[in-house]
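Chemist: using only what follows, build the 3D model:
(one chain, ligands or ions: 2)
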Amino acid sequence: MRPDSIDATLESLRAQGYVAPRALGTVVFLALRLGRPLFLEGEPGTGKTELAKALAGLLDRPLIRLQCYEGLDLAAAAYEWNYARQMVEIKLAQGQESREELARELFSRRFLIARPLLQAIDPPDGRAPVLLIDELDRADEPFEAFLLELLSDFQLSIPELGVIRAAEPPLVLLTSNRTREVHDAVKRRCLYHWLDFPDAARELEILRLRLPGIESALAQEIVAVVQALRGMDLYKLPGLAETLEWSRALLELNALVLDPATLSSTLGVLLKYQDDIARLQGSEAAQLLARVRAETHGG
Ligand SMILES: Nc1ncnc2c1ncn2[C@@H]1O[C@H](COP(=O)(O)OP(=O)(O)OP(=O)(O)O)[C@@H](O)[C@H]1O
Ligand SMILES: [Mg+2]
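Modeler: Numbers count the residues shown, from 1 in each chain. Ligands and ions are numbered 1, 2, ... in the order given. Okay, here's the model as predicted:
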(Lines give C-alpha, C1' and ligand atoms only; values in the text may rest on other atoms or scores of the structure.)
(Ligands and ions follow the chains in the order given, each with its own letter.)
Protein backbone atom coordinates (compact mmCIF):
# COMPACT_ATOMS: atom_id res chain seq x y z
CA MET A 1 0.00 0.00 0.00
CA ARG A 2 2.86 2.39 0.83
CA PRO A 3 4.92 2.92 -2.36
CA ASP A 4 8.50 1.68 -2.11
CA SER A 5 10.15 4.04 -4.59
CA ILE A 6 9.73 7.47 -6.11
CA ASP A 7 8.56 5.92 -9.38
CA ALA A 8 6.01 3.80 -7.57
CA THR A 9 4.81 6.92 -5.73
CA LEU A 10 4.33 8.78 -9.02
CA GLU A 11 2.54 5.82 -10.52
CA SER A 12 0.17 5.32 -7.60
CA LEU A 13 -0.64 9.02 -7.57
CA ARG A 14 -1.42 8.85 -11.26
CA ALA A 15 -3.73 5.91 -10.60
CA GLN A 16 -5.61 8.32 -8.32
CA GLY A 17 -5.87 10.83 -11.18
CA TYR A 18 -3.04 13.00 -9.88
CA VAL A 19 -0.08 13.82 -12.10
CA ALA A 20 2.84 14.94 -9.96
CA PRO A 21 6.16 16.32 -11.13
CA ARG A 22 9.12 14.20 -10.04
CA ALA A 23 10.22 16.69 -7.38
CA LEU A 24 6.82 16.44 -5.71
CA GLY A 25 6.85 12.65 -6.03
CA THR A 26 10.16 12.69 -4.19
CA VAL A 27 8.96 14.73 -1.19
CA VAL A 28 5.77 12.68 -0.97
CA PHE A 29 7.82 9.47 -0.97
CA LEU A 30 10.09 10.90 1.73
CA ALA A 31 7.19 12.19 3.84
CA LEU A 32 5.75 8.67 3.83
CA ARG A 33 9.11 7.08 4.58
CA LEU A 34 10.22 9.47 7.29
CA GLY A 35 6.76 9.96 8.76
CA ARG A 36 7.04 13.72 8.47
CA PRO A 37 4.30 16.26 7.75
CA LEU A 38 4.30 17.83 4.29
CA PHE A 39 4.02 21.58 3.90
CA LEU A 40 2.75 22.73 0.49
CA GLU A 41 2.80 26.28 -0.74
CA GLY A 42 2.04 27.50 -4.21
CA GLU A 43 -0.15 29.27 -6.69
CA PRO A 44 -3.91 28.84 -6.33
CA GLY A 45 -5.43 25.91 -8.16
CA THR A 46 -2.19 23.97 -8.57
CA GLY A 47 -3.19 20.79 -6.76
CA LYS A 48 -2.37 21.36 -3.08
CA THR A 49 -5.73 20.27 -1.69
CA GLU A 50 -6.11 17.63 -4.37
CA LEU A 51 -2.86 15.97 -3.30
CA ALA A 52 -4.32 15.21 0.13
CA LYS A 53 -7.34 13.58 -1.49
CA ALA A 54 -5.12 11.56 -3.83
CA LEU A 55 -2.94 10.41 -0.92
CA ALA A 56 -5.94 9.35 1.13
CA GLY A 57 -7.08 7.27 -1.86
CA LEU A 58 -3.61 5.87 -2.45
CA LEU A 59 -3.11 4.83 1.17
CA ASP A 60 -6.74 3.79 1.54
CA ARG A 61 -7.09 5.94 4.62
CA PRO A 62 -9.85 8.34 5.61
CA LEU A 63 -9.26 12.03 4.90
CA ILE A 64 -9.80 14.44 7.78
CA ARG A 65 -9.88 18.04 6.69
CA LEU A 66 -9.41 21.16 8.77
CA GLN A 67 -10.19 24.30 6.77
CA CYS A 68 -8.45 27.25 8.42
CA TYR A 69 -10.01 30.68 8.76
CA GLU A 70 -9.50 33.85 10.77
CA GLY A 71 -10.57 33.24 14.34
CA LEU A 72 -10.17 29.45 14.19
CA ASP A 73 -9.62 28.30 17.75
CA LEU A 74 -8.93 25.19 19.76
CA ALA A 75 -12.60 24.43 20.28
CA ALA A 76 -13.25 24.25 16.55
CA ALA A 77 -9.92 22.69 15.57
CA ALA A 78 -9.08 20.20 18.30
CA TYR A 79 -11.57 19.49 21.06
CA GLU A 80 -14.28 20.92 23.24
CA TRP A 81 -15.77 19.83 26.54
CA ASN A 82 -19.38 18.82 26.23
CA TYR A 83 -20.80 21.24 28.80
CA ALA A 84 -24.40 20.24 28.29
CA ARG A 85 -23.62 16.60 28.99
CA GLN A 86 -21.51 17.53 31.98
CA MET A 87 -24.47 19.48 33.41
CA VAL A 88 -26.75 16.50 33.02
CA GLU A 89 -24.18 14.28 34.69
CA ILE A 90 -23.91 16.66 37.62
CA LYS A 91 -27.66 16.59 38.09
CA LEU A 92 -27.82 12.82 37.89
CA ALA A 93 -24.94 12.35 40.29
CA GLN A 94 -26.30 14.67 42.95
CA GLY A 95 -25.49 13.28 46.34
CA GLN A 96 -24.25 9.95 45.01
CA GLU A 97 -20.57 10.59 44.34
CA SER A 98 -17.84 12.46 46.16
CA ARG A 99 -16.88 15.78 44.64
CA GLU A 100 -13.42 14.55 43.57
CA GLU A 101 -14.84 11.51 41.92
CA LEU A 102 -17.41 13.57 40.07
CA ALA A 103 -14.81 16.10 38.90
CA ARG A 104 -12.60 13.31 37.59
CA GLU A 105 -15.54 11.74 35.83
CA LEU A 106 -16.65 15.01 34.26
CA PHE A 107 -13.30 15.59 32.60
CA SER A 108 -12.90 12.13 31.13
CA ARG A 109 -12.79 11.20 27.46
CA ARG A 110 -16.53 10.54 27.52
CA PHE A 111 -17.28 14.26 27.82
CA LEU A 112 -14.82 15.39 25.19
CA ILE A 113 -16.03 16.35 21.73
CA ALA A 114 -13.33 15.54 19.19
CA ARG A 115 -12.74 18.04 16.39
CA PRO A 116 -10.50 17.32 13.35
CA LEU A 117 -7.09 17.45 15.07
CA LEU A 118 -8.11 15.16 17.92
CA GLN A 119 -9.96 12.89 15.52
CA ALA A 120 -6.74 12.57 13.54
CA ILE A 121 -4.59 11.39 16.42
CA ASP A 122 -7.30 9.39 18.13
CA PRO A 123 -9.50 8.06 15.31
CA PRO A 124 -12.66 6.27 16.41
CA ASP A 125 -11.99 3.26 14.15
CA GLY A 126 -8.27 3.18 14.91
CA ARG A 127 -7.27 3.79 11.29
CA ALA A 128 -4.62 6.52 11.06
CA PRO A 129 -6.03 9.05 8.58
CA VAL A 130 -4.58 11.61 6.20
CA LEU A 131 -4.97 14.96 7.96
CA LEU A 132 -5.24 18.03 5.74
CA ILE A 133 -4.75 21.38 7.47
CA ASP A 134 -5.82 23.54 4.57
CA GLU A 135 -4.89 27.20 4.00
CA LEU A 136 -3.02 27.66 7.26
CA ASP A 137 -2.14 31.23 6.27
CA ARG A 138 -5.78 32.17 6.85
CA ALA A 139 -5.65 31.21 10.54
CA ASP A 140 -4.25 33.63 13.11
CA GLU A 141 -0.62 33.25 14.05
CA PRO A 142 -1.23 32.00 17.62
CA PHE A 143 -2.95 28.99 16.14
CA GLU A 144 0.33 27.91 14.56
CA ALA A 145 2.01 27.69 17.96
CA PHE A 146 -0.67 25.26 18.98
CA LEU A 147 0.15 22.99 16.04
CA LEU A 148 3.80 22.54 17.00
CA GLU A 149 3.20 19.76 19.50
CA LEU A 150 0.97 17.93 17.08
CA LEU A 151 3.42 18.20 14.19
CA SER A 152 6.51 17.05 16.05
CA ASP A 153 5.11 14.44 18.43
CA PHE A 154 1.66 13.63 17.00
CA GLN A 155 0.11 14.29 20.36
CA LEU A 156 -2.22 16.74 22.06
CA SER A 157 -1.99 17.92 25.65
CA ILE A 158 -5.36 18.51 27.24
CA PRO A 159 -4.88 20.25 30.60
CA GLU A 160 -7.77 18.51 32.38
CA LEU A 161 -7.10 15.11 30.91
CA GLY A 162 -3.45 14.67 30.01
CA VAL A 163 -1.62 13.82 26.83
CA ILE A 164 -3.32 11.96 24.00
CA ARG A 165 -0.79 10.41 21.64
CA ALA A 166 -1.47 8.86 18.25
CA ALA A 167 -1.03 5.08 18.25
CA GLU A 168 -0.15 5.36 14.57
CA PRO A 169 0.75 8.86 13.33
CA PRO A 170 -1.53 10.35 10.68
CA LEU A 171 -0.02 11.59 7.43
CA VAL A 172 -0.27 15.38 7.81
CA LEU A 173 -0.44 17.83 4.91
CA LEU A 174 -0.47 21.57 5.46
CA THR A 175 -1.14 24.06 2.70
CA SER A 176 -0.73 27.79 2.38
CA ASN A 177 -1.49 30.30 -0.36
CA ARG A 178 1.13 32.54 1.17
CA THR A 179 -1.08 35.50 1.94
CA ARG A 180 1.36 35.76 4.84
CA GLU A 181 4.46 33.81 5.87
CA VAL A 182 3.84 30.81 8.07
CA HIS A 183 6.15 30.65 11.07
CA ASP A 184 9.54 28.94 10.68
CA ALA A 185 8.85 26.71 13.65
CA VAL A 186 5.97 25.11 11.74
CA LYS A 187 7.96 24.76 8.54
CA ARG A 188 10.95 23.27 10.34
CA ARG A 189 8.84 20.31 11.40
CA CYS A 190 7.74 19.59 7.84
CA LEU A 191 9.09 18.70 4.44
CA TYR A 192 8.47 21.62 2.12
CA HIS A 193 7.38 21.80 -1.49
CA TRP A 194 6.40 24.74 -3.69
CA LEU A 195 3.75 23.89 -6.26
CA ASP A 196 4.15 25.87 -9.43
CA PHE A 197 1.86 26.03 -12.43
CA PRO A 198 2.41 22.89 -14.52
CA ASP A 199 4.37 23.08 -17.77
CA ALA A 200 2.47 22.45 -21.01
CA ALA A 201 3.31 18.73 -21.19
CA ARG A 202 2.06 18.00 -17.67
CA GLU A 203 -0.99 20.18 -18.06
CA LEU A 204 -1.92 18.31 -21.23
CA GLU A 205 -1.42 15.00 -19.44
CA ILE A 206 -3.68 16.09 -16.57
CA LEU A 207 -6.30 17.33 -19.01
CA ARG A 208 -6.33 14.01 -20.89
CA LEU A 209 -6.42 12.03 -17.67
CA ARG A 210 -9.30 14.03 -16.24
CA LEU A 211 -11.28 14.45 -19.47
CA PRO A 212 -10.45 11.35 -21.51
CA GLY A 213 -13.01 12.19 -24.20
CA ILE A 214 -11.45 15.45 -25.28
CA GLU A 215 -10.24 15.92 -28.88
CA SER A 216 -6.48 16.03 -29.08
CA ALA A 217 -6.35 19.26 -31.14
CA LEU A 218 -8.70 21.07 -28.80
CA ALA A 219 -6.79 19.89 -25.71
CA GLN A 220 -3.54 21.19 -27.17
CA GLU A 221 -5.07 24.56 -27.98
CA ILE A 222 -6.61 24.87 -24.54
CA VAL A 223 -3.29 24.20 -22.86
CA ALA A 224 -1.45 26.58 -25.17
CA VAL A 225 -3.93 29.38 -24.47
CA VAL A 226 -3.76 28.90 -20.70
CA GLN A 227 0.03 28.75 -20.81
CA ALA A 228 0.10 31.95 -22.88
CA LEU A 229 -2.25 33.66 -20.41
CA ARG A 230 0.10 32.75 -17.56
CA GLY A 231 2.85 34.58 -19.40
CA MET A 232 0.79 37.77 -19.46
CA ASP A 233 0.75 40.44 -16.82
CA LEU A 234 -2.71 39.64 -15.46
CA TYR A 235 -4.06 40.41 -12.02
CA LYS A 236 -4.90 36.76 -11.38
CA LEU A 237 -3.50 33.91 -13.46
CA PRO A 238 -5.62 30.84 -14.21
CA GLY A 239 -4.71 27.63 -12.36
CA LEU A 240 -5.29 23.99 -13.23
CA ALA A 241 -8.78 24.17 -11.81
CA GLU A 242 -9.59 26.85 -14.40
CA THR A 243 -8.04 24.84 -17.25
CA LEU A 244 -10.24 21.86 -16.40
CA GLU A 245 -13.32 23.98 -15.90
CA TRP A 246 -12.79 25.78 -19.18
CA SER A 247 -12.31 22.48 -20.99
CA ARG A 248 -15.58 21.19 -19.56
CA ALA A 249 -17.30 24.39 -20.65
CA LEU A 250 -15.95 24.06 -24.19
CA LEU A 251 -17.11 20.45 -24.35
CA GLU A 252 -20.57 21.57 -23.22
CA LEU A 253 -20.58 24.09 -26.05
CA ASN A 254 -19.46 21.41 -28.52
CA ALA A 255 -16.43 23.42 -29.53
CA LEU A 256 -14.03 21.43 -31.69
CA VAL A 257 -11.40 24.10 -32.06
CA LEU A 258 -11.06 27.52 -30.52
CA ASP A 259 -12.16 30.63 -32.34
CA PRO A 260 -11.98 34.22 -31.07
CA ALA A 261 -15.74 34.45 -30.45
CA THR A 262 -15.79 31.28 -28.33
CA LEU A 263 -12.72 32.41 -26.40
CA SER A 264 -14.23 35.84 -25.72
CA SER A 265 -17.55 34.47 -24.59
CA THR A 266 -16.05 31.91 -22.20
CA LEU A 267 -13.34 34.08 -20.63
CA GLY A 268 -15.31 34.22 -17.38
CA VAL A 269 -14.51 30.56 -16.77
CA LEU A 270 -10.78 31.28 -16.96
CA LEU A 271 -10.39 34.77 -15.56
CA LYS A 272 -12.18 36.14 -12.54
CA TYR A 273 -11.31 39.83 -12.67
CA GLN A 274 -13.08 42.27 -14.94
CA ASP A 275 -9.83 44.12 -15.77
CA ASP A 276 -8.24 40.89 -16.97
CA ILE A 277 -11.31 39.93 -18.97
CA ALA A 278 -11.63 43.37 -20.55
CA ARG A 279 -7.99 43.20 -21.65
CA LEU A 280 -8.52 39.90 -23.38
CA GLN A 281 -11.74 40.69 -25.16
CA GLY A 282 -11.87 41.70 -28.81
CA SER A 283 -8.68 41.99 -30.82
CA GLU A 284 -6.42 40.68 -28.02
CA ALA A 285 -8.29 37.39 -28.02
CA ALA A 286 -7.85 37.03 -31.78
CA GLN A 287 -4.16 37.87 -31.56
CA LEU A 288 -3.61 35.44 -28.71
CA LEU A 289 -5.30 32.66 -30.64
CA ALA A 290 -3.32 33.40 -33.79
CA ARG A 291 -0.09 33.25 -31.79
CA VAL A 292 -1.09 30.02 -30.07
CA ARG A 293 -2.08 28.44 -33.35
CA ALA A 294 1.24 29.37 -34.93
CA GLU A 295 2.98 27.65 -32.00
CA THR A 296 0.89 24.50 -31.73
CA HIS A 297 0.83 23.86 -35.46
CA GLY A 298 4.47 24.73 -35.97
CA GLY A 299 3.86 28.07 -37.70
N1 LIG B 1 -1.49 17.31 -10.35
C2 LIG B 1 -2.78 17.22 -10.65
N3 LIG B 1 -3.25 16.16 -11.31
C4 LIG B 1 -4.55 16.11 -11.64
N5 LIG B 1 -5.46 17.06 -11.34
C6 LIG B 1 -5.05 18.12 -10.69
C7 LIG B 1 -3.68 18.26 -10.31
N8 LIG B 1 -3.56 19.42 -9.66
C9 LIG B 1 -4.75 19.99 -9.65
N10 LIG B 1 -5.66 19.22 -10.25
C11 LIG B 1 -7.06 19.58 -10.49
O12 LIG B 1 -7.18 20.97 -10.29
C13 LIG B 1 -8.18 21.26 -9.33
C14 LIG B 1 -7.67 22.32 -8.39
O15 LIG B 1 -6.71 21.80 -7.54
P16 LIG B 1 -6.72 22.12 -5.98
O17 LIG B 1 -8.06 22.46 -5.50
O18 LIG B 1 -6.00 21.03 -5.30
O19 LIG B 1 -5.82 23.44 -5.96
P20 LIG B 1 -5.22 24.19 -4.71
O21 LIG B 1 -3.76 24.29 -4.98
O22 LIG B 1 -5.66 23.57 -3.46
O23 LIG B 1 -5.88 25.62 -4.92
P24 LIG B 1 -6.29 26.73 -3.83
O25 LIG B 1 -5.00 27.32 -3.40
O26 LIG B 1 -7.14 27.67 -4.63
O27 LIG B 1 -7.02 26.02 -2.76
C28 LIG B 1 -8.49 19.96 -8.63
O29 LIG B 1 -9.85 19.83 -8.40
C30 LIG B 1 -8.03 18.90 -9.59
O31 LIG B 1 -9.12 18.49 -10.37
MG1 LIG C 1 -6.88 24.27 -1.90
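
Chemist: quick one: Glu242 from Leu289, how far?
Modeler: With the distance defined as Cβ to Cβ, to the nearest Å, Glu242 ends up 17 Å from Leu289. To be clear about C-beta, it is placed using only N, CA and C from the backbone, and glycine gets the same treatment.

Chemist: now do Gln119
Modeler: 50 Å.

Chemist: ok, now Gly25?
Modeler: Relative to Leu289, Gly25 is positioned 34 Å away (Cβ to Cβ).

Chemist: next one: Pro198
Modeler: For Pro198 relative to Leu289 (Cβ to Cβ), the value is 21 Å.

Chemist: show me which of the two is the more surrounded one.
Modeler: Set Pro198 next to Leu289 and count neighbours by other Cβ atoms under 10 Å: Pro198 wins out with 24 against 21.

Chemist: quick one, phi psi at that one?
Modeler: Backbone torsions of Pro198, given as degrees, to the nearest 10, read phi -70, psi 150.

Chemist: list the contacts of the residue positioned nearest the centre of the chain.
Modeler: Nearest to the mean C-alpha position of the chain, counting by Cα atoms, centre = their mean, stands Thr49 at 1.5 Å. For Thr49, the contact set (Cβ atoms under 8 Å, 6 or more residues apart in numbering) comprises Leu132, Asp134, Thr175.

Chemist: go on, Leu51?
Modeler: With contact set as Cβ under 8 Å, 6+ apart, Leu51 has these partners: Leu13, Tyr18, Ala20, Leu24, Val28, Leu40, Leu173.

Chemist: now do Val223
Modeler: For Val223, the contacting residues are Ala200, Glu203, Leu204, Leu207, Thr243, by Cβ under 8 Å, 6+ apart.

Chemist: list the ones among those that fall in strands.
Modeler: Assigned to strands by DSSP state E, none of the contacts of Val223 qualify.

Chemist: pick the one among the contacts of Thr49 closest to ligand 1.
Modeler: Using Cβ to the nearest ligand atom, Thr175 is the member of these that lies nearest ligand 1, at 6.2 Å.

Chemist: in a strand, that's where the closest one is, yeah?
Modeler: Yes - counting by DSSP: H, G, I helix; E, B strand; the rest coil, Thr175 is part of a strand.

Chemist: ok, how many other residues are close to the nearest residue to Arg180 once chain neighbours are set aside?
Modeler: In space, and not counting its chain neighbours, Arg180 is closest to Asp137: 5.2 Å by Cβ to Cβ, 6 or more residues apart in numbering. Asp137 has 17 neighbours, counted by other Cβ under 10 Å.

Chemist: what about Asp137, which SS state?
Modeler: Following three-state DSSP, we place Asp137 in the helix state.

Chemist: make 19 the starting number, not 1.
Modeler: That works, and once the first residue is 19, the last one we named lands at Asp155.

Chemist: where in the stretch 19-168 of the chain is pLDDT low?
Modeler: Under the criterion pLDDT under 70, no range of the stretch 19-168 of the chain is flagged.

Chemist: please list the residues of it that sit near ligand 2.
Modeler: Lys66, Thr67 (Cβ under 5 Å from the ion).

Chemist: which residue does the stretch 19-168 of the chain have closest to ligand 2?
Modeler: With Cβ to the ion as the measure, Thr67 is the residue of the stretch 19-168 of the chain nearest to ligand 2, at 3.2 Å.

Chemist: helix or strand: which one has that residue?
Modeler: Thr67 is located in helix 66-77, with elements delineated by DSSP states H and E.

Chemist: go through that helix and flag the buried ones.
Modeler: When burial is assessed from 16 or more other Cβ atoms under 10 Å, helix 66-77 yields the following buried residues: Lys66, Thr67, Leu69, Ala70, Lys71, Ala72, Leu73, Ala74, Gly75, Leu76, Leu77.

Chemist: which residues does the fifth one contact?
Modeler: With contacts defined as Cβ under 8 Å, 6+ apart, the neighbours of Lys71 are Gln34, Leu81.
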